[in-house]
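J.: Let's see this in three dimensions:
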Amino acid sequence: MAVNVKSCYLYLLDNVHQMFMPTERPLDETVDGAYHFLEKNIEKCMKNAAGRPAVFKEDSEARKLFLEYRNRTIPFIDFANAIATKRYDWKDRYEIFTASDLFLCEIEVSEVEYVIGLELTCKEGMVHHVNQSETGIQNNLIVHQSIIPAASLKSANFFMIDLDKMTLTILENMTSTEDDDTHLYADKILECKTEISVKEAVKKARYVAEEIIEHHELDKLEMVPAFERVIKETINEGKDIDMKEIAEEEFYQTPEAKLAYVAEIENQGIEKPVQNSNWVKMPLKKTQKIKTDTGIEITIPLDYYNNKDYIEVINMPDGRLAIQIKNIGNIENK
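T.: Below is the predicted model of the structure:
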């Protein structure tokens, strides 16, 4: 997935010092590394499993503006200015006193055009400053605020709008106050209806699987890791997550468990396949960790986990369990 930034406007939203700094010109593409920095971070956000699919509400002001931009009746900067202004105002209303940099971009990915919003929170730190004067060179430290995004982009806010389909993907954290909880970009700024994210779906799928497996007295140690692996493999193949198909595969030997799983997953709000339109990726486990009620933890490579030639859980006569590890050539302290 190669991201090509065609144009980008940077807005400085400093709600700490009550300063909103709009822009009149796009980001200078000749600055070494600037566009590469953006493209890499946009790509990470696009593949983030926490991104929620969305569509504009019919009465959304942002939708009306976006249509005007798409129909070329207003330039992109007019749409960008409106979104940036709204974001600054809503940060103020919800007393989000941070300084952040908001990048609003036109991009192209695999010949598909998108509008992107990427907001990164600035952090305060000390940087060196060289002062040259007639009396000589003086090296100082000064307080400086800048964007220092973590590799995981946990603090990033991000949205992506397909120029042709007008569908969206939104990645943001919940904003909570004493009065309400809201997603500012989805609910207030863009005014969208969102669906469950891939990450949320995996979490709910695992929770329901554990409940059903325990209720039907199935092998939890074997089935839960297998269930999670099947879901993540489906995601990494770029497919939507059809919980009914996965239940059919994992509970094929226990029809009543399969029916119970499908009913409960629908009760959790997953009534149709979960979209994976951005080909998000989720890491597959290479090991499985198990922990006993006595506090002993064992980490097992998945290649050996379900192979009874190497490890086996045994039911003891007194109703307790034993773990037998076999075919070991050597043991070392770690």
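J.: Secondary structure element for residue 332, which one?
T.: Using DSSP states H and E, residue 332 maps to neither a helix nor a strand.
J.: Roughly how far does it sit from residue 242?
T.: 44 Å (Cβ to Cβ, to the nearest Å). No exception for glycine: its C-beta is placed from N, CA and C like everyone else's.
J.: For the two, indicate the residue with more neighbours.
T.: Applying other Cβ atoms under 10 Å to residue 332 and residue 242 shows that residue 242 carries more neighbours, namely 14 against 4.
J.: Distance of the more buried one relative to residue 212?
T.: Counting by Cβ to Cβ, the gap from residue 242 to residue 212 is 17 Å.
J.: Chain neighbours aside, what residue packs nearest to the residue positioned nearest the centre of the chain?
T.: Nearest to the mean C-alpha position of the chain, counting by Cα atoms, centre = their mean, stands residue 50 at 2.9 Å. Using Cβ to Cβ, 6 or more residues apart in numbering and skipping the chain neighbours, the partner closest in space to residue 50 is residue 199 (4.4 Å).
J.: so where do the strands sit in the stretch 101-250 of the chain?
T.: 112-133, 136-147, 157-162, 167-171, 175-176, 181-182, 192-194 (DSSP state E, counting those that start in this stretch).
J.: Which secondary structure elements does the last one sit against?
T.: So that's strand 192-194. Under the contact definition 3 or more Cβ pairs under 8 Å, 6 or more residues apart in numbering; DSSP states H and E, strand 192-194 sits against strand 52-56, strand 167-171.
J.: ok, now with 6 Å
T.: Counting contacts by 3 or more Cβ pairs under 6 Å, 6 or more residues apart in numbering; DSSP states H and E, strand 192-194 packs against strand 52-56.
J.: Note down every partner strand of the strand it packs on and its orientation.
T.: Strand 52-56 has the following strand partners under DSSP bridges: strand 167-171 (antiparallel), strand 192-194 (antiparallel).
J.: To residue 283, which of these lies closest?
T.: strand 167-171 (17.7 Å; Cβ to Cβ).
J.: got TSV for the strands of the stretch 101-250 of the chain, with mean neighbour count, distance to residue 100 and mean pLDDT too?
T.: Output for the strands of the stretch 101-250 of the chain, formatted as TSV (neighbours: other Cβ atoms under 10 Å; distance: least, Cβ to Cβ, whole Å; pLDDT from 0 to 100):
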stretch	mean neighbour count	distance to residue 100	mean pLDDT
strand 112-133	15	5	87
strand 136-147	11	8	79
strand 157-162	23	8	96
strand 167-171	23	15	96
strand 175-176	14	13	86
strand 181-182	12	18	91
strand 192-194	19	21	95
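J.: now the closest residue to residue 119 other than its chain neighbours: how far from residue 262?
T.: Of all residues not flanking residue 119 in the chain, residue 157 sits nearest, at 4.1 Å (Cβ to Cβ, 6+ apart). Per Cβ to Cβ, residue 157 is found 35 Å from residue 262.
J.: do residue 141 as well
T.: Distance, residue 141 to residue 262, using Cβ to Cβ: 61 Å.
J.: just residue 40 next, same as before
T.: Residue 40 is 40 Å from residue 262, by Cβ to Cβ.
J.: Can you show me the CA trace of the helix or strand hosting residue 84 as CSV?
T.: Element membership for residue 84 (DSSP H and E) is helix 76-93. Taking Å, rounded to 0.1, in the frame of the first residue of the first chain, the C-alpha atoms of helix 76-93 are listed here in CSV:
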residue,chain,number,x,y,z
PHE,A,76,-9.9,21.9,-0.8
ILE,A,77,-8.5,24.6,1.5
ASP,A,78,-12.0,25.8,2.3
PHE,A,79,-13.1,22.4,3.4
ALA,A,80,-9.8,22.0,5.4
ASN,A,81,-10.3,25.4,7.1
ALA,A,82,-13.8,24.5,8.2
ILE,A,83,-12.8,21.1,9.7
ALA,A,84,-9.7,22.6,11.5
THR,A,85,-11.8,25.4,12.9
LYS,A,86,-14.4,23.0,14.2
ARG,A,87,-11.8,20.8,15.7
TYR,A,88,-10.2,23.7,17.6
ASP,A,89,-13.7,24.9,18.8
TRP,A,90,-14.7,21.4,20.0
LYS,A,91,-11.4,21.0,21.9
ASP,A,92,-12.2,24.2,23.6
ARG,A,93,-15.7,23.3,24.5
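J.: who's in contact with that helix?
T.: By Cβ atoms under 6 Å, 6 or more residues apart in numbering, the list of residues contacting helix 76-93 from outside reads 9, 11, 13, 15, 20, 22, 65, 69, 102, 104, 106, 184, 188-189.
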